[in-house]
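Trainee: Just to be clear, the model below is a prediction. Sequence and coordinates:
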Amino acid sequence: MGKAQKYVLLGDATYPLQDWILKPYQEDQNLTQRQLQFNYRLKRAHSVIENAFLRLKARWQILLKCDDCSLELLPTLVLACCILHNVCEAHDNPFNEEWLEGTEPTELPKPCQPAPATMEDNRAEQVRELMCQYFESCGED
């Protein structure tokens, strides 16, 4: 798109629009087809992320009971599991679907109320618009 972009996090509608938090357009507005497509693709990306975390927790079930270890060890434990998980995935190590039985997709904590409009960053709309244009140029998916 001719403009370098930094990484962004995916958020839902309750998060403030920032140049580092990409959130969908509000569904209650009259959205264009392009904006609807953007929301759809954001939702799909979010489901990929949820699936990745589900597989990570299923493969390394110690992450389901991290309250058994000290807080100082926790970041190292999570990082080690992520690295080992990525190695397994990169080498097509078989994933046993039975592992999923012990894990339930959990809703991550998020704000209950939408962030006030005063927290929104006007520059962030430009980032979202660029992403919207990019998704439109990629065609249907």
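Mentor: Nice, thanks for sending it over. Values in this document were obtained by computation on a predicted structure and should not be read as measured data.
Trainee: hey, let's count contacts and neighbours off CA atoms from now on
Mentor: OK.
Trainee: Could you list the low-pLDDT ranges of the chain?
Mentor: 1-2, 66-67, 102, 104-113, 139-141 (pLDDT under 70).
Trainee: all helices of it, in order?
Mentor: 33-59, 74-90, 122-137 (DSSP state H).
Trainee: from the chain's centre, how far out does the first one sit?
Mentor: Helix 33-59 has its average C-alpha position 6 Å from the chain's average C-alpha position, going by Cα atoms, centre = their mean, to the nearest Å.
Trainee: How many residues are close by residue 22?
Mentor: By the criterion of other Cα atoms under 10 Å, residue 22 has 23 neighbours.
Trainee: Going forward, count from 12.
Mentor: Sure, I'll start numbering at 12, so the last one becomes residue 33.
Trainee: Would you agree it is in contact with residue 24?
Mentor: No. Residue 33 lies out of contact with residue 24 (Cα atoms under 8 Å); the separation is 9.4 Å.
Trainee: Can you tell me what sits against stretch 35-53?
Mentor: Residues outside stretch 35-53 that contact it (Cα atoms under 8 Å, 6 or more residues apart in numbering): 21, 22, 23, 24, 34, 142, 143, 144, 146, 147.
Trainee: What's the PyMOL line that selects buried ones from those residues?
Mentor: Those of those that count as buried under 16 or more other Cα atoms under 10 Å are selected in PyMOL with:
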select buried, resi 21+22+23+24+34+142+143+146
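Trainee: and which of the contacts of stretch 35-53 is nearest residue 132?
Mentor: residue 34 (12.1 Å; Cα to Cα).
Trainee: Tell me how far that closest one lies from residue 146.
Mentor: 14 Å (Cα to Cα, to the nearest Å).
Trainee: repeat for residue 47
Mentor: Between residue 47 and residue 146 the distance is 11 Å, computed by Cα to Cα.
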